[in-house]
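> sequence-free structure coming up:
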């Protein structure tokens, strides 16, 4: 059974759409990282590349990720409690 031109066109269009979708997914994975600053009141702001503080915040975030990936402690110091009375005491040290 031979393909008619209409079905060939639809098949080709579907292949083209799939290729474009794959290209967009790759582009999204390769985009620059975003740096989001969260204020103490919960307000969020995204720093753009080249903006003051962007490079330093990105360096710190990458260092933190590296420490977590290694499963270690960057400072080699003691763990601080997450909350409660001990947390205030640890913060004063």
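All right, it came through fine. All values reported here derive from a predicted model rather than from experimental measurement.
> name the residues of whichever strand or helix holds residue 69 that come out as buried.
Secondary structure from DSSP states H and E places residue 69 in helix 54-70. With burial defined by 16 or more other CB atoms under 10 Å, the residues of helix 54-70 counted as buried are 54, 58. Using the backbone N, CA and C atoms, a C-beta is placed for each residue, glycine as well.
> tell me where the longest helix sits in the chain.
helix 5-29 (DSSP state H).
> for it, packing partners?
Here helix 5-29 touches no other helix or strand, going by 3 or more CB pairs under 8 Å, 6 or more residues apart in numbering; DSSP states H and E.
> quick check: mean pLDDT of that helix?
Helix 5-29 shows a mean pLDDT of 80.
> name every strand pairing with the first helix or strand past that helix going along the chain and say which way it goes.
Counting by DSSP H and E, the element after helix 5-29 in chain order, helix or strand, is strand 35-38. Strand 35-38 pairs in its sheet with strand 44-47 (antiparallel), by DSSP bridges.
> may I see the buried residues of the strand it pairs with?
residue 47.
> neighbouring contacts of that strand?
Outside strand 44-47, the residues that touch it by CB atoms under 8 Å, 6 or more residues apart in numbering are 34, 35, 36, 37, 38, 39, 53, 54, 57.
> which among the residues you listed count as buried?
Buried among the contacts of strand 44-47 (16+ other CB under 10 Å): 35, 54.
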